[in-house]
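[1] Structure for the following, please:
(2 chains)
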Amino acid sequence: MRNALGSPLGRAVAAEWVKLWSVRSTWLCLASAVAATVLGGLTLGAAQATEALREGAAGSRVVVTGPMISATAFAQYAVITLAMLMVTSEYASGSIRSTLQVVPIRGRMLAAKALVTAPVLFTAGIVAGGAGALVTYLVLSVETFGGAAAFPPGQAAADLLRLGVFCALTGVLTVGVSAAVRGSAGALTVMFMLTLGLPLLLVMTGSQAAVDASMRLPTFAGLAFMESADNLTGGPIPYPAGEGLAWLAGWTALALLAGLVVLRRRDA
Amino acid sequence: MIRLDHLTKRYGDRAAVDDLTLELRPGAVTGFLGPNGAGKSTTMRMILGLDAPSSGRALIGGRPYHELEHPLRTVGALLDARAVHPGRSGRAHLLAMARGAGIPKARVARVLELVGLGEAAGKRAGALSLGMSQRLGIAGALLGDPEVLMFDEPVNGLDPDGVRWVRRLMRSLAAEGRTVFVSSHLMSEMQLTADHLVVIGKGRLIADAPLAEVLATPSVLVRSPHAGDLADLLTAQGVSVERRGENELVATGATLERIGDLAHEAGVRLHELSPREASLEQAYQELTATSVEYGAGGTR
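    Numbers count the residues shown, from 1 in each chain, chains lettered A, B, ... in the order given. Take a look at the predicted model:
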């Protein structure tokens, strides 16, 4: 550990760590991520339970981590905002210049931001999903819902882990996009189009090729990876979880590359 | 310590910095002068590797900035005092820099004390006055105890005490053998602080010389009802004379005493005999007269 912190990359990571936790916006974003997951997940879970009850399917139960995964389609924007601000707030204030004076190798600076974003958002995803699942379980366990909630430990743990990975990758993707775009408004627009605008537009065209393409964009790829059964597409994503992870990781790598190219070409 | 080698920065077909070659020596304060838009800040950014030169190089101890093993412990710089996240405290800003450079945390408290920021270091940077921000920026430059220090307009927003403090700091940093490079538009301030001057205009080097050489030669203002006779007399003695109206002249190349004696011997009555200080302001205006980028009252 001492060795890692003594390396140039380790020092750059340590600097990003201090910067992340010394601004209020980080805490606001994390609180928003938890709130959006809890509220969104609870709403979707309750809807599922109600439907199960109406259909009178005996023994049909809602696995409470499922709705948390569906809720990420919206809750991811708190994660995206946190990761975006790690980059764009530096350009807005001009402090990117002091950052690059300390860490003049731009790829190293970008790597440090990604290395701080990933574990923080991995943890945030697990905490937010766990809190949401717990609340949903408690609420759906009341008599009105006929005890429609299930919390199988093995599956829940796997779901939460994958939720964490999704948040981490989405965050790192955002860091790359933000480094390429620099401004908050631009970065948020690109992220919104990439994660929601574009996939919905493609789905709306109705063409099969367009729908297939939309399923490979980060949000649906992430939902495929998390094996979401009930989401914006109205059903499971039609390809294996591993492929979803590969698409999401591919988009993330592409975004980092774009960020790196711009960082190295443009003046700070 | 710092060497600029045909350093050039172009934006389209406009050269912001044009073929700048010079060397900054340790143990001296080098003042960096030039009108707005002359390329001072761009030059400093290129030295720090923030902007890439279009051609030429900026070397620190023979290496470009990004190849320095310990950049912050080699070069400390204050470019823009306001360039701090407004929601982050000054102390956290410095701590992040220290962590990134492998500098012990105790050094943060030390430089905060050195610049007299103390309590204010815990406040959000956005709530600091410009003067306080300048002190925070200077603390950041001093953090790595570097051999080279660069300051872009460090006295902006400081009160007279702050200005004197910065002047003493620059002098003492140079006295410790460091290379101090400071830009300013305040000529009087440079005259008191700098040992050496680099003057640029429209990105080009206009002067690179010791302060004393750049300063206008001292002269003497003489007022006399017989200014014409006196002018002839002084010219005959090899003193250069510039007539200023009917009763006035400015003499250069002789001491005030000598001019007084000459006038007395010739029986010329004097109404005024006064020294005119060597002024950087004046020298600067003469140097840059032809290259003012954004001169007031220019024809458009």
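
[2] what comes into contact with the lengthiest helix in chain B?
    As assigned by DSSP state H, the longest helix anywhere in chain B is helix B:160-175. Under the contact criterion Cβ atoms under 8 Å, 6 or more residues apart in numbering or on different chains, helix B:160-175 has outside partners B:27-29, B:116, B:131, B:134-135, B:138, B:149, B:151, B:154-155, B:158, B:180, B:182, B:189, B:192-193, B:195. C-beta: built from backbone N, CA, C; applies to glycine.

[3] ChimeraX command to pick out the buried ones of these?
    Command for ChimeraX that selects the buried part of the contacts of helix B:160-175, burial taken from 16 or more other Cβ atoms under 10 Å in any protein chain shown:
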select /B:28,29,131,134,135,138,149,151,154,155,158,180,182,189,193,195
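
[4] Skipping adjacent residues, who's closest to the closest residue to chain B within the stretch 51-200 of chain A in space?
    Using Cβ to the nearest Cβ, the single residue of the stretch 51-200 of chain A nearest to chain B is A:Gly94, 3.2 Å away. The spatially closest residue to A:Gly94, leaving aside those adjacent along the chain, is B:Ala83, at 3.2 Å (Cβ to Cβ, 6 or more residues apart in numbering or on different chains).

[5] what about residue 200, how many residues close to it?
    Using chain A. When neighbours are counted by other Cβ atoms under 10 Å in any protein chain shown, A:Leu200 registers 15.

[6] was after chain B, sorry
    26.

[7] and the helix or strand encompassing it with helix B:160-175, angle?
    Element membership of B:Ile200, judged by DSSP states H and E, is strand B:196-201. Computed by axes from the mean of the first three to the mean of the last three Cα atoms, to 10 degrees, the angle separating strand B:196-201 from helix B:160-175 equals 110 degrees.

[8] relative orientation of the next helix or strand after strand B:196-201 and strand B:196-201 in degrees?
    Using DSSP H and E, the helix or strand that directly follows strand B:196-201 along the chain is strand B:204-210. Going by the same axes, to 10 degrees, strand B:204-210 is angled at 170 degrees with respect to strand B:196-201.

[9] Who does strand B:204-210 pair with, and is each partner parallel or antiparallel?
    If you go by DSSP bridges, strand B:204-210 pairs up with strand B:196-201 (antiparallel).

[10] what comes up buried for stretch B:3-22?
    B:3-4, B:7-9, B:15-18, B:20.

[11] Near chain B, which residues of the stretch 51-200 of chain A? Just list them.
    A:89-90, A:93-95, A:97-105 (Cβ under 8 Å from any Cβ of the partner chain).

[12] Write the ChimeraX selection for whichever of those are buried.
    If you want just the buried ones from those in ChimeraX, going by 16+ other Cβ under 10 Å, the selection is:
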select /A:89,90,93,94,95,97,98,99,100,101,102,103,104,105
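
[13] all strands of the stretch 1-150 of chain A, in order?
    For the stretch 1-150 of chain A, the strands defined by DSSP state E, counting those that start in this stretch occupy A:62-63, A:149-150.

[14] Counting by contacts, list what the first one packs against.
    It stands for strand A:62-63. helix A:24-55, strand A:149-150, helix A:153-181 (3 or more Cβ pairs under 8 Å, 6 or more residues apart in numbering or on different chains; DSSP states H and E).
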